[in-house]
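# here is the input, now give the coordinates:
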Amino acid sequence: MKTDLSIHCLNVGDFAVNTYIVACPETREGVIIDPGGEDEKIIRVINDNKILPRYIINTHGHRDHVHGNASLSRHYRISTAMHVADQAFYKEKNLAIDIGLHDGDILTVGSLDIKVIHTPGHTPGSVCLYVGDCLFSGDTLFVGNAGRTDLPGGDLDTLIRSIQERIIVLPPETRLYPGHDYGPTPFSTLGREIKENIYITDFM
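You can find the predicted model right below:
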């Protein structure tokens with residue numbers, strides 16, 4: 001069943017991160033996922049759509065996905081959230097993180113329940129965020145591809161296991177919203193990725 005939620009995607013920053021603003025249509029409460037920079041663009045979309053941000057959620061701790069954490073959390077006086085494994089791994093970078101997430105945690109925003117799915121491999125604390133029939137996959141899974149594992153904390157076998165055991169077990173109609181637009185289309189479905197994504201067809 002299609003989830004009733006408002007999704008705005010902004011491609012921002014030097015690394016072209018997909019920043020998502022996800023909101024409950026009824027209450028207008030929402031979250032900012034992976035603020036990658038260009039704060040003024042993010043603020044403009046939030047204001048134009050009368051959204052009330054409640055959290056900033058990071059899918060992982062790489063700098064391109066957390067660039068706007070400190071400034072936007074101050075601007076809206078809201079908490080930031082990241083999986084505890086990436087908080088520990090990237091603590092030397094002085095990230096502005098208030099809430100340590102764990103697998104299975106649920107953040108309730110308006111009528112939306114945002115479930116945390118721990119998917120290590122790209123980084124130790126990478127997560128996907130599952131909201132109704134939508135999966136915000138960060139850099140774990142892209143359209144037609146998957147996240148790099150050659151950076152500190154990355155591991156290919158762990159990434160493949162995360163995709164196999166934590167992602168493709170979800171319903172095939174799940175809509176996929178990745179952390180970068182690296183594929184032939186900006187967004188996809190798990191059903192399509194199961195048939196076409198080389199990290200699934202070639203590694204599993």
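
# do I have it right that Asp64 meets Thr19?
No - with contact defined as C-beta atoms under 8 Å, Asp64 does not count as touching Thr19 (10.3 Å). The C-beta positions use only the backbone N, C-alpha and C, and glycine is treated the same way.

# so how far is the one helix or strand Ser137 maps to from its chain's centroid?
For Ser137, the element it lies in under DSSP states H and E is strand 134-138. Put simply, strand 134-138 sits 5 Å off its chain's centre (C-alpha atoms, centre = their mean, to the nearest Å).

# averaged pLDDT, it. What do you get?
Averaged over strand 134-138, pLDDT sits at 98.

# quick one: contacts of it?
3, 5, 7, 20, 22, 33-34, 59-60, 65, 119, 122, 126-130, 147, 167, 170, 174-179, 190 (C-beta atoms under 8 Å, 6 or more residues apart in numbering).

# make a PyMOL selection of the buried ones in those residues.
To isolate the buried members of the contacts of strand 134-138 in PyMOL, using 16 or more other C-beta atoms under 10 Å:
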select buried, resi 5+7+20+22+33+34+59+60+65+119+122+126+127+128+129+130+147+167+174+175+176+177+178+179+190
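
# overlap of the contact sets of Asp64 and Thr19?
Overlap of the contact sets of Asp64 and Thr19 (by C-beta under 8 Å, 6+ apart) consists of Gly36.

# okay, those two: which has more neighbours?
Applying other C-beta atoms under 10 Å to Asp64 and Thr19 shows that Thr19 carries more neighbours, namely 26 against 18.

# surely the more buried one is in contact with Gly36?
Yes - under the criterion of C-beta under 8 Å, Thr19 makes contact with Gly36 at 5.1 Å.

# common neighbours of the two, please.
By C-beta under 8 Å, 6+ apart, the residues touching both Thr19 and Gly36 are 12, 68.

# thinking again about what came up before, chain center to the helix or strand just after the strand holding Ser137: distance?
Per DSSP H and E, the first helix or strand lying C-terminal to strand 134-138 is strand 141-142. Distance of strand 141-142 from the chain centroid (C-alpha atoms, centre = their mean) equals 11 Å.

# show me what strand 141-142 is packed against.
Where contact means 3 or more C-beta pairs under 8 Å, 6 or more residues apart in numbering; DSSP states H and E, strand 141-142 is packed against strand 175-178.

# after the strand it packs on, which helix or strand is next?
Remark: after strand 175-178, the chain's next helix or strand is strand 188-189, criterion DSSP H and E.

# what's the average pLDDT for that following strand?
According to the model, strand 188-189 has a mean pLDDT of 98.

# for that strand, name the packing helices and strands.
If contacts are counted by 3+ C-beta pairs under 8 Å, 6+ apart, strand 188-189 sits against strand 175-178.

# show me how far the strand it packs on is from its chain's centre.
9 Å.

# export it as PDB, just CAs?
In PDB, the C-alpha atoms belonging to strand 175-178 read as follows (Å, rounded to 0.1, in the frame of the first residue of the first chain):
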ATOM      1  CA  ARG A 175      10.200   2.600  -3.500                       C
ATOM      2  CA  LEU A 176      14.000   3.300  -3.400                       C
ATOM      3  CA  TYR A 177      15.400   6.800  -2.700                       C
ATOM      4  CA  PRO A 178      19.200   6.600  -2.700                       C
END
